[in-house]
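Visitor: Predicted model follows, preceded by the sequence.
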Amino acid sequence: MEGYVEIPIPVKFVPDVYALLAKLSGQGETPAPASTERTNGVPEEWSKSDLVRMWRESPPSMREFTCYLADRPEQMISSTEIGEAINRPGLKLAGALGAFGRRVANRYSKETWPFLAVWDHEHERMGYQMSSGTADIIKEVAGS
């Protein structure tokens, strides 16, 4: 692979490295986690039609990820737990989320994700949480 260098990266930093690479390649920054919410629990920037589109355009890995969160609304769930549950541990989950971040920024022109993503310093891993309003929409579109 001419023009590339392979370097080992600690798993906990992979999402940050993907975000930096996207920024450096001109694809923008990975969006910040969702923070402002409407009364129905859906992040301010995301409409129901946006969430339906996101679902329909998502690969199986992101569908499994969002369904796992939707089945556990309002719960903070570690990346380790999610990765093991959907059989995409470590780098596989980080890769799916890195691609998702680029898609959110570039295809949907959003600055937030439709779920909360928080770094857990104590356990050195990410935690994710989906609001009940977003979960209801995801369950509806997923048919679950």
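Guide: Yep, that arrived. Numbers count the residues shown, from 1 in each chain.
Visitor: Just give the number of residues close to Ser79.
Guide: For Ser79, the neighbour count with other Cβ atoms under 10 Å is 25. The C-beta positions use only the backbone N, C-alpha and C, and glycine is treated the same way.
Visitor: got a list of what it touches?
Guide: Leu93, Ala94, Arg125, Met126, Gly127, Tyr128 (Cβ atoms under 8 Å, 6 or more residues apart in numbering).
Visitor: swap the cut-off to 10 Å and go again
Guide: 11-12, 15, 65, 88-90, 93-94, 97, 117, 119-120, 123, 125-128 (Cβ atoms under 10 Å, 6 or more residues apart in numbering).
Visitor: Tell me the buried residues in the lengthiest helix in the chain?
Guide: The longest helix of the chain (DSSP state H) is helix 91-106. Within helix 91-106, the residues that count as buried by 16 or more other Cβ atoms under 10 Å are Leu93, Ala94, Ala96, Leu97, Gly98, Ala99, Phe100, Gly101, Arg102, Arg103, Val104, Ala105.
Visitor: For the residue nearest to Glu64 when sequence neighbours are not counted, grab the count of nearby residues.
Guide: Counting by Cβ to Cβ, 6 or more residues apart in numbering, the nearest residue to Glu64 once its immediate chain neighbours are dropped is Ile86, at 4.1 Å. Neighbour count for Ile86, taken as other Cβ under 10 Å: 19.
Visitor: which of the buried residues of helix 91-106 lies closest to Pro60?
Guide: Using Cβ to Cβ, Ala96 comes nearest to Pro60 of the buried residues of helix 91-106, at 9.3 Å.
Visitor: List the residues that contact the closest residue to the closest one other than its chain neighbours.
Guide: Excluding the flanking residues, the one nearest Ala96 by Cβ to Cβ, 6+ apart is Ser61, at 4.1 Å. Residues near Ser61 by Cβ under 10 Å, 6+ apart: Ile86, Asn87, Arg88, Lys92, Leu93, Gly95, Ala96, Leu97, Ala99, Phe100.
Visitor: Now for the first one: which residues touch it?
Guide: Spelled out, it's Ile86. Ile86 is in contact with Pro60, Ser61, Met62, Arg63, Glu64, Phe65, Cys67, Tyr68, Lys92, Leu93, Ala96, counting by Cβ under 10 Å, 6+ apart.
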